[in-house]
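# next come a sequence and a model predicted from it.
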Amino acid sequence: MATQQLTIPMFPLNLALLPGETKTLHIFEERYKQLVADCLLNEAHFGIPFINQKNMSNYGIEVKINTVIKKYENGEMDIAIEGIRAFKLVEFSQVLPPKLYGAGVIEYETDIKEKPSHFLQELTKEYMWISQQNIIPVDAFDHSNVYGVARLLDLSSLEKYELLKAKNAIEKENFLKPKIKLFIHLIKTENDLKSKFVLN
């Protein structure tokens, strides 16, 4: 069965979002003012391919505009966006005449519907406990997936990008597990040092 491809407007950024994650963007370039206006008019989504060290990567996230927070007299605006679904960028056009902005041909990743494994759930609970003193509700993972776990972590955009391009839920879990273990180790080390400092 052939993978479905479609074309959507593109807004390349040094930013990686996860599905379900929200972010505020300040829109000031004319081409992206036009992109946002078109998306609002047509209730359409756009894609954010991740730019890493000035190079555009082959993976990104489709986003929707949740709301326009503020409009400025010069046409600039602040918008709230939300990540919808990860994609692979098959082809990119810098400009798609007569529009000022570009577009890309994308393939969506396979839907990640599986609940996080028991091991990943336990790791996440330990991380949340020692980092914020929060207890995660027993049913917190019932309607979640690996992205739900990742949103609880303080991941950089590059780390989020690496997670987005992992091919399936197993690969994504294998990427996250050592990250969480490292976070736990660093927090425990920091807490130990604070404890020794206080004692001395």
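Sure thing, it's come through.
# strands of the chain, residue ranges please.
Remark: strands assigned in the chain by DSSP state E are 5-10, 22-27, 46-52, 55-71, 77-93, 102-108.
# tell me the domain boundaries of this protein?
5-108, 118-199 (automatic domain parsing).
# output the below-cut-off pLDDT ranges for this protein.
1-3, 133-135, 138, 197-200 (pLDDT under 70).
# what segments of it are helices?
Using DSSP state H, the helices of the chain run over 30-42, 118-132, 146-150, 157-165, 169-199.
# take the domains of the chain and lay them out in TSV including mean neighbour count.
To be clear about C-beta, it is placed using only N, CA and C from the backbone, and glycine gets the same treatment. Output for those, formatted as TSV (neighbours: other C-beta atoms under 10 Å):
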stretch	mean neighbour count
domain 5-108	16
domain 118-199	15
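# for Ile81, what are its contacts?
Applying C-beta atoms under 8 Å, 6 or more residues apart in numbering to Ile81 gives the contacts Leu17, Thr22, Lys23, Thr24, Leu25, Val63, Lys64, Ile65, Asn66.
# grab the nearest non-local neighbour of Tyr32.
Spatial nearest neighbour of Tyr32, chain neighbours left out: Phe11 (5.9 Å); criterion: C-beta to C-beta, 6 or more residues apart in numbering.
# which of the helices of the chain sits closest to Val90?
helix 157-165 (13.7 Å; C-beta to C-beta).
# and that closest one, how far out from the chain's middle?
8 Å (C-alpha atoms, centre = their mean, to the nearest Å).
# contacts for stretch 187-197, please.
Against stretch 187-197 from outside (C-beta under 8 Å, 6+ apart): Tyr127, Ile130, Ser131.
# now do the residue lying closest to the second one once chain neighbours are set aside against Lys181, distance only.
Closest residue in space to Ile130, ignoring its immediate chain neighbours: Ile187 at 5.2 Å, by C-beta to C-beta, 6+ apart. As judged by C-beta to C-beta, to the nearest Å, Ile187 and Lys181 stand 11 Å apart.
# ditto for Tyr147
Distance of Tyr147 to Lys181, given as C-beta to C-beta: 19 Å.
# next one: Gln132
Relative to Lys181, Gln132 is positioned 17 Å away (C-beta to C-beta).
# show me the contacts for Gln94.
Contacts of Gln94 (C-beta under 8 Å, 6+ apart): Gly102.
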